[in-house]
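> fold the following, please.
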Amino acid sequence: MGHPEADLAQMLHTGPFHLALRAAIAVRGLPLQRVQNRLASRGIKVGVTSLSYWQQGARRPQRPESLRAVRALEDVLELPGESLLRLLGAESARAEVERPATRSYRSLVESSGAVERLLGELELPADGGLHTVGHHERVRIGAGRELRGRDSEHVVRAHRDGIDRYLAIHRGDPGCDPAGVVVRAGENCRTGRVRWERESGVVVAELLFDARLRAGDTYLFGYGFEDGTGGVSGEYVRGFSFGGGQYVLQVRFDE
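Predicted coordinates for the structure are as follows:
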């Protein structure tokens, strides 16, 4: 590292926001409690936890009151006006550009018409408010080569406040009975509404989270579908509305 002030100036120029904020707090030698007190003296209430999250990059100030706090932080930390706000604005614009466009399930699977109808019944937003960080799926094939079931461990990140559910989709093999498919909620979620269509063999299940997420929150949950109602399984199809994150598929065959 070079001179602290020079490093800070560089961070304010290049970002990202959280590193610039962390550098500013370090250079000024202010504990977070004192930063909070100085903001409070200006009539702005921000928790120490929020300040810590901001400088770690775990969360980004987005709401109007949070942006007012960032403007006051520039004053408290003796920074040029709009320096931190400019970094936030640039990162928000970049995130919008980098965020993949939502694709219809029509482009992914033949049963998309049924999927879209069932999703419509459950009032799913266009993007669900979630991005996949990691998804580990285990598919089980039975002795008759039928799809016995599948289990998922899913890690997601919210990109807006208030997200509290995920809609999981299962499509059985030809001849399956969706009425006989069992939805199983695992850790950190519980089963909500379930909709299915016999002709297409599609089941859509609402998984309710144990917590309401805020933008930037990461959440792990598990779920599964017990099937075994269809004929011989010749393929397994997994559709993705978004790119990004990691997907791992394991297939276990009956001995």
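
> CA atoms of stretch 33-42 as PDB?
In PDB, the C-alpha atoms belonging to stretch 33-42 read as follows (Å, rounded to 0.1, in the frame of the first residue of the first chain):
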ATOM      1  CA  GLN A  33     -19.900   3.600  16.600                       C
ATOM      2  CA  ARG A  34     -18.400   7.100  16.300                       C
ATOM      3  CA  VAL A  35     -19.500   7.300  12.600                       C
ATOM      4  CA  GLN A  36     -23.000   6.300  13.700                       C
ATOM      5  CA  ASN A  37     -23.000   9.000  16.400                       C
ATOM      6  CA  ARG A  38     -21.900  11.700  14.000                       C
ATOM      7  CA  LEU A  39     -24.600  10.700  11.600                       C
ATOM      8  CA  ALA A  40     -27.100  10.800  14.400                       C
ATOM      9  CA  SER A  41     -26.100  14.300  15.300                       C
ATOM     10  CA  ARG A  42     -27.100  15.200  11.700                       C
END
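
> distance from it to the middle of the chain?
32 Å (CA atoms, centre = their mean, to the nearest Å).

> one more: stretch 165-175?
20 Å.

> equivalent analysis for stretch 142-151, please.
29 Å.

> need the contact partners of it.
137-141, 170, 172-173, 176, 186, 222-233, 236, 254 (CB atoms under 8 Å, 6 or more residues apart in numbering). C-beta: built from backbone N, CA, C; applies to glycine.

> any idea how far apart the tips of it sit?
One end of stretch 142-151 to the other measures 14 Å (CA to CA, to the nearest Å).

> residues of that stretch that come out buried?
Using 16 or more other CB atoms under 10 Å as the test for burial, stretch 142-151 gives Glu146, Leu147, Arg148, Gly149, Arg150, Asp151.

> and the average pLDDT for that stretch is what?
Stretch 142-151 comes out with an average pLDDT of 95.

> ditto for stretch 233-253
pLDDT averaged over stretch 233-253 gives 85.

> coming back round to it: let me know the closest of the buried residues of stretch 142-151 to Ala26.
Asp151 (44.9 Å; CB to CB).

> so that closest one, which state does it fall into?
Secondary structure state of Asp151, per DSSP: H, G, I helix; E, B strand; the rest coil, is strand.

> quickly list what it is bridged to.
Using DSSP bridges, the bridge partners assigned to Asp151 are Arg138, Gly224.

> how far away is it from His131?
According to CB to CB, to the nearest Å, Asp151 stands 21 Å off from His131.
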